[in-house]
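J.: heads up, no residue letters with this:
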């Protein structure tokens, strides 16, 4: 329970297989809100609508309505009308003032079943209660294997958040939606800054297949009931990191979560770019799947990252096993120990470019047979 | 036979499994030469050496020595010495003046077996003959399933070329090496321009996994024996396209070669960028593997390409089947016909952005179980 919010999750009949598929968070009064949205230019109807509503309300919101089972993407003008209708219906049970936001996730290109959605919103409004956060967290899931929630504290304030997305590799472009509520008092501008900073090291630093979905959205609502909270930014960043790791760890076909750390880059931006390139390389990801300490692929990916790099200075560690120094493999028996590290569920790859003090990281995972099966055989 | 050149391919004992692994092309006298090299900053020793030698010789060369079985990459200062030693040994049997170039492909991080390489160069020099081009083409192969050669003509001139690389998806970063000889008379600067233009639509427009290897190199040598040849640039471009298609078609784990065409972009550069993004998307590539007309993934990838895009104007065809118009799926039974197209070995995906006249293309292929098996289980 986070003071100032009520939650609901109901079965509206949007998902063909049944189950909870419509969730709401409603604030007791207008609260500070901040969000990040997908930059994908094919963004779904609810993304554009929520972005506009939040900006028009100058960072004040009264809640969000979310459906799973249908992404309302690739739905043209009808999709835009349907998203607006969801907001209008949800507003009926919310306090005045501030934006009611909307998010959708699920199959694309199909019209929203508005009869079911409308009745679902009414049912959710009737079910709203302070202790229904977990029902909300369940209602936003699609192919996830389990609920993904996290909590944090900062001074006297509390944070609760949930996320969905099967490691960003799920079928249908793997939307990730995340919602965080807190009773900390944070002004909208400060909340937006904290969210951006927290995402940079979490949701913006994870990759499974490099694509951003049409529906991605992260929303934070702050009721202020607990007053100002020292350390709020760090607490939010920690909670987002927790959620992002759950996302990637719970991904379909994911057996290894690897933190790619690049150090010694000329700048932090270059370190991050190199880490991202390595994390996105299919050759690296298949080597991770095979627990193969194929250092050449890792260095090759870094060499393609368009960052300053001198082969004679490059060093690589897999976990705590030194594999490459000055661009060539180290002498001695590094191979079996490195392989043992790579059989673990989570480990680090540390590339030192030996040029400066720039450091950055990216979370990566394996590219497995299961990934291909899920994504080649899934029917849109 | 291309007048002005002799060829050789011998078994030097570099490949553990045996077979031809050292090739040479030697010109009768210094000829025009142009090359493109990998831009990977972890470039192997022979890449940096050849680039420098060709520049110093102002685009004049007397030949090239190539070994397979060992990439001489990740080999530090010793690798640089070994590459120079290969050039020095190869020069013994070549005319004076112009650069002797060198290329390597195979396992990385292992020192070249210089005793075998040296004896192999001597044997190749002894075997040089005008009719040994196919032995040369065989000697540069690594995991390729078959020799890859192509020919073309321009006015009275002839072109012959060969390439290697298992669709750029082979283990060990999938080096592609290509060599073209012609008896056309072309000055070095014009040859360099023709090569760059030809590559833009062929080798620089194919992708299997988005990484450029440490050893990639394409070399063209023009003896001039046939005199100036009208239409040479187009003939070279056609030959490079032929080789590039063989490369991707012959790739391990490749069952579908898909030409991604983007039309109606604001500029040709944006069209190309969108085509590339689509061609590199693992979600698109797994849909290709599963013959699944998952238009949402294709549009989503385009939406992430950082090009101008208006969802309301986007149209998509799979082969000649209209799938999307104005950003939403077309009415009617497009799905089974689209699926039938996607079961073919080669077909087109045509995305029309509806914004301008920019057009561009990229060759893509499927991401299959075989790809994962090859790259996850391969031992470096």
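T.: Thanks, I have it. Nothing here was measured: the structure is a model prediction, and the numbers come from that model.
J.: Which residue ranges of the stretch 251-380 of chain A form strands?
T.: A:257-265, A:315-318, A:321-325, A:328-329, A:346-352, A:358-365 (DSSP state E, counting those that start in this stretch).
J.: For residue B:219, find the nearest of the ones you listed.
T.: For the strands of the stretch 251-380 of chain A, proximity to residue B:219 was assessed by CB to CB; strand A:328-329 is nearest, at 26.5 Å. For glycine as for every other residue, the C-beta is placed from the backbone atoms N, C-alpha and C.
J.: how about the residues of the stretch 201-350 of chain A near chain B?
T.: Taking CB under 8 Å from any CB of the partner chain as the measure of proximity, the stretch 201-350 of chain A contacts chain B at A:209-214, A:280-283, A:286-287, A:289-290, A:292-297, A:299-304, A:307-312, A:314, A:324, A:326-329.
J.: any weak-confidence spans in the stretch 101-250 of chain A?
T.: A:166-174, A:206-211 (pLDDT under 70).
J.: And the strands in it, which stretches?
T.: For the stretch 101-250 of chain A, the strands defined by DSSP E, counting those that start in this stretch cover A:148-154, A:157-164, A:177-184, A:217-227.
J.: hmm, back to that, make TSV out of the strands of the stretch 251-380 of chain A and add mean pLDDT.
T.: As requested, the strands of the stretch 251-380 of chain A are arranged in TSV below (pLDDT from 0 to 100):
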stretch	mean pLDDT
strand A:257-265	95
strand A:315-318	97
strand A:321-325	96
strand A:328-329	92
strand A:346-352	96
strand A:358-365	89
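J.: Output those as JSON lines; include the columns distance to residue A:56 and mean neighbour count.
T.: Below are the strands of the stretch 251-380 of chain A laid out as JSON lines (distance: least, CB to CB, whole Å; neighbours: other CB atoms under 10 Å in any protein chain shown):
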{"stretch": "strand A:257-265", "distance to residue A:56": "39", "mean neighbour count": "23"}
{"stretch": "strand A:315-318", "distance to residue A:56": "50", "mean neighbour count": "22"}
{"stretch": "strand A:321-325", "distance to residue A:56": "53", "mean neighbour count": "20"}
{"stretch": "strand A:328-329", "distance to residue A:56": "58", "mean neighbour count": "22"}
{"stretch": "strand A:346-352", "distance to residue A:56": "43", "mean neighbour count": "20"}
{"stretch": "strand A:358-365", "distance to residue A:56": "35", "mean neighbour count": "23"}
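J.: Any buried residues in stretch A:274-281, and which?
T.: By 16 or more other CB atoms under 10 Å in any protein chain shown, the buried positions in stretch A:274-281 come out as A:274-281.
J.: Tell me the one among those nearest to chain B.
T.: Closest approach to chain B among the buried residues of stretch A:274-281 (CB to the nearest CB): residue A:281, at 5.7 Å.
J.: Isn't that closest one up against residue A:294?
T.: No: counting by CB atoms under 8 Å, residue A:281 sits too far from residue A:294 to count as a contact (10.7 Å).
J.: any idea how far residue A:231 is from residue A:203?
T.: Applying CB to CB, to the nearest Å, the value for residue A:231 to residue A:203 is 20 Å.
J.: what about those two, which has more around it?
T.: Taking neighbours as other CB atoms under 10 Å in any protein chain shown, residue A:231 and residue A:203 compare with residue A:203 leading, 23 against 14.
J.: Quick one: residues contacting that one.
T.: A:36, A:176, A:178, A:218, A:240, A:243-244, A:247 (CB atoms under 8 Å, 6 or more residues apart in numbering or on different chains).
J.: again with residue A:335
T.: By CB under 8 Å, 6+ apart, the contact set of residue A:335 is residue A:293.
J.: just to revisit the earlier point, among the strands of the stretch 251-380 of chain A, which is nearest residue B:15?
T.: Between those, strand A:328-329 lies closest to residue B:15; by CB to CB that is 20.2 Å.
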